[in-house]
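Student: return a 3D structure for these sequence lines:
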Amino acid sequence: METNKIKLVTHNGSFHADDVFAAAALSLMLEKTGKNFEIIRTRNPEIVNSGDYVFDVGGIYDKEKDKFDHHQVGFKEKRENGIWYSSFGLVWEKYSLELSGSEKIAGIVEKHLVAPIDAFDCGFDLVENKYDVSPYFIEHFFMAMTPTWTEKNVSNDEMFFKCVEVAKEILSREIIHARDSVLAEEKVISIYQNAEDKRIIIMDQNYPCEDTLNNFPEPLFVIYPRATDNSWGVRAVREDPKTFKNRKDFPKSWAGLKDEELQKITGVSDAVFCHKGLFMAVAKSKEGVIKLAELALK
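Tutor: Purely as a prediction, here's the structure:
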């Protein structure tokens, strides 16, 4: 421990997604301002009490003093939807504006990443298992990073710090995606408002648009340029972005067809592919995917 560095203190031993992401968020914030810091994993009361930022250990939640534990008796911090805060959520609640730049971006990241991690840590079931397999959450990745009973040459500390680097990248990318979705929202709304047939929304770029278009009742298909191969795509708008059910599928007879087979059944000369899940199709030209969308409406 170096006395001239800002001290980020959390518990040693095993780790979970909440303390990993809390460490990642604080690290990104301090790196952004050029601060010199170190992360210390310990339960030594003297070191815990001397930490500049203390999370997931210490038995204290004091926002003003940067103490972010949630395990103590009497802890009552929870969201309006009832999900309790864990250390990550408490850190994000205070520093999200500094990290993201706006309340809207912070809110998207909170809903998409932070609250689900807190929910898992605090024992909230967000999904119902319908099959004999379970979803693979980010928490399971960190569990896989924990040394097993046979790995005598790998320490929890070593793996924790590897996980923090991964979490920093994930959080950074979620902020970037949220920022760019906010930038795209105004463009998507303008395109929707100016569309002649609001069932088919034609984009000039592949903007993130699912959440925005789900606020309007008419859109069934979205057309967009595919930068990877200079073709054009058309995808179905989902009933809910959280599900795989489309407002309208492509025709069942198109499922899985490619090139000549799809061209023959549709009459679209440059049709390339229709996904067997009936949610996406591709043609070489903008005119081609517009035709595919128009045929799918019938």
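Student: hey, let's count contacts and neighbours off CA atoms from now on
Tutor: Noted.
Student: how about the host helix or strand of Ala119: buried residues?
Tutor: Taking DSSP states H and E as the criterion, Ala119 maps to helix 115-121. Residues of helix 115-121 classed as buried by neighbour count (16 or more other Cα atoms under 10 Å): 115-121.
Student: could you pull up phi and psi at the residue of the chain most remote from its centre?
Tutor: The outermost residue of the chain relative to its centre, with distances by Cα atoms, centre = their mean, is Lys264 at 39.8 Å. Phi and psi for Lys264, reported as degrees, to the nearest 10, are phi -70, psi -40.
Student: could the buried residues of helix 115-121 go into a markdown table alongside distance to Phe142 and pLDDT?
Tutor: Output for the buried residues of helix 115-121, formatted as a markdown table (distance: Cα to Cα, whole Å; pLDDT from 0 to 100):
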| residue | distance to Phe142 | pLDDT |
| --- | --- | --- |
| Ala115 | 17 | 97 |
| Pro116 | 15 | 96 |
| Ile117 | 12 | 97 |
| Asp118 | 14 | 97 |
| Ala119 | 16 | 95 |
| Phe120 | 13 | 94 |
| Asp121 | 12 | 93 |
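Student: and the helices in the protein, which stretches?
Tutor: 17-32, 45-50, 87-100, 103-109, 115-121, 138-145, 156-194, 210-213, 259-266, 286-297 (DSSP state H).
Student: Serialize those to a markdown table and add fields for distance to Glu80.
Tutor: Listed next are these as a markdown table, based on distance: least, Cα to Cα, whole Å:
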| stretch | distance to Glu80 |
| --- | --- |
| helix 17-32 | 20 |
| helix 45-50 | 31 |
| helix 87-100 | 13 |
| helix 103-109 | 13 |
| helix 115-121 | 11 |
| helix 138-145 | 24 |
| helix 156-194 | 22 |
| helix 210-213 | 21 |
| helix 259-266 | 50 |
| helix 286-297 | 41 |
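Student: ok, of these, where does mean pLDDT dip lowest?
Tutor: Here the lowest mean pLDDT among those goes to helix 210-213, at a mean of 90.
Student: which residues are in contact with that helix?
Tutor: For helix 210-213, contacts defined as Cα atoms under 8 Å, 6 or more residues apart in numbering pick out 185, 188-189, 192, 219, 237-238, 241.
Student: same thing with stretch 24-43?
Tutor: 1, 5-13, 23, 48, 57-58, 88, 91-92, 95, 98-99, 157, 164-165, 167-168, 171.
Student: thinking again about what came up before, look up how far Lys252 lies from the residue farthest from the centre of the chain.
Tutor: As judged by Cα to Cα, to the nearest Å, Lys264 and Lys252 stand 15 Å apart.
Student: and if you look at Pro135?
Tutor: For Pro135, the distance to Lys252 - Cα to Cα - is 28 Å.
Student: and for Val182?
Tutor: Val182 is 35 Å from Lys252, by Cα to Cα.
Student: cool, Glu139 as well?
Tutor: 38 Å.
Student: and these two? Which one has more around it.
Tutor: Per other Cα atoms under 10 Å, whichever of Glu139 and Lys252 has more neighbours is Glu139, with 16 against 12.
Student: and for the more buried one, nearest residue in space, chain neighbours not counted?
Tutor: Ala17 (5.5 Å; Cα to Cα, 6 or more residues apart in numbering).
Student: so Leu220 makes contact with Arg199?
Tutor: Yes. Here Leu220 lies in contact with Arg199, judged by Cα atoms under 8 Å, at a distance of 5.0 Å.
Student: who has more neighbours out of the two?
Tutor: Between Leu220 and Arg199, counted using other Cα under 10 Å, the more crowded position is Leu220 (23 against 18).
Student: can you give me phi and psi for that one?
Tutor: Per degrees, to the nearest 10, the backbone of Leu220 is at phi -120, psi -30.
Student: what about stretch 93-112, distance to the chain center?
Tutor: 13 Å (Cα atoms, centre = their mean, to the nearest Å).
Student: what does it contact?
Tutor: With Cα under 8 Å, 6+ apart as the criterion, stretch 93-112 contacts 25, 28-29, 63, 89, 92, 174-175, 178-179, 182.
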